[in-house]
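Visitor: heads up, no residue letters with this:
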């Protein structure tokens, strides 16, 4: 009986070692075929100073994996990240979404913390929404975040949704991808 128990313990140890070896290759970033992607977002000749770029793998074209995201900095530049900062995007076809925003400062607008003053927050949000509806230009889209701050879409909001933006890019290797939006809201993509 001692021999069979020793074999059972050794068998379990071998199975555990094999499982750990297999799992060590399955952690974050392991097995992903990534390419570094960076660039700039320009709208009407000026850098977009705040926002996000999304690369969503296009499963219909055979690209499977996690999405990548990049924050747009004050000079319009971005660097895509999938698992760790700046590691890139999955190689393959992607649907791209771009959200470019800027804060809107209205005269007399005060910032209210929803955790400290829930009633005041709701009043400020309601007031901001009413002011936004009456002051918004036809081509300007505004929104209020959960903190009551008002923002304006710089890049037309239709480009925020990768599934609807119409921007599709094939990433075969590391590259620079610049997005340049013109006066009409059309986008030109350049390396």
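Guide: Cool, got the structure. Quick caveat: nothing in here was measured; it's all calculated off a predicted structure.

Visitor: what's the next secondary structure element after the lowest-mean-pLDDT helix or strand in the chain?
Guide: Lowest by mean pLDDT, DSSP states H and E among the helices and strands of the chain is helix 2-24, with a mean of 38. Using DSSP states H and E, the helix or strand that follows helix 2-24 in sequence is strand 34-35.

Visitor: what packs against the helix or strand just after that next one?
Guide: Sequence-wise, the next helix or strand downstream of strand 34-35 (DSSP H and E) is strand 37-43. Here strand 37-43 touches strand 51-57, strand 68-72, strand 77-79, strand 92-103, strand 175-176, strand 178-181, going by 3 or more CB pairs under 8 Å, 6 or more residues apart in numbering; DSSP states H and E. Just so you know, the C-beta spots here come from the backbone N, C-alpha and C atoms, and that holds for glycine as well.

Visitor: how about those strands in a markdown table, adding distance to residue 169 and mean neighbour count?
Guide: Output for the helices and strands packed on strand 37-43, formatted as a markdown table (distance: least, CB to CB, whole Å; neighbours: other CB atoms under 10 Å):
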| stretch | distance to residue 169 | mean neighbour count |
| --- | --- | --- |
| strand 51-57 | 7 | 23 |
| strand 68-72 | 11 | 21 |
| strand 77-79 | 13 | 19 |
| strand 92-103 | 5 | 21 |
| strand 175-176 | 9 | 13 |
| strand 178-181 | 10 | 20 |
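
Visitor: with respect to residue 149, which of these lies nearest?
Guide: strand 92-103 (6.3 Å; CB to CB).
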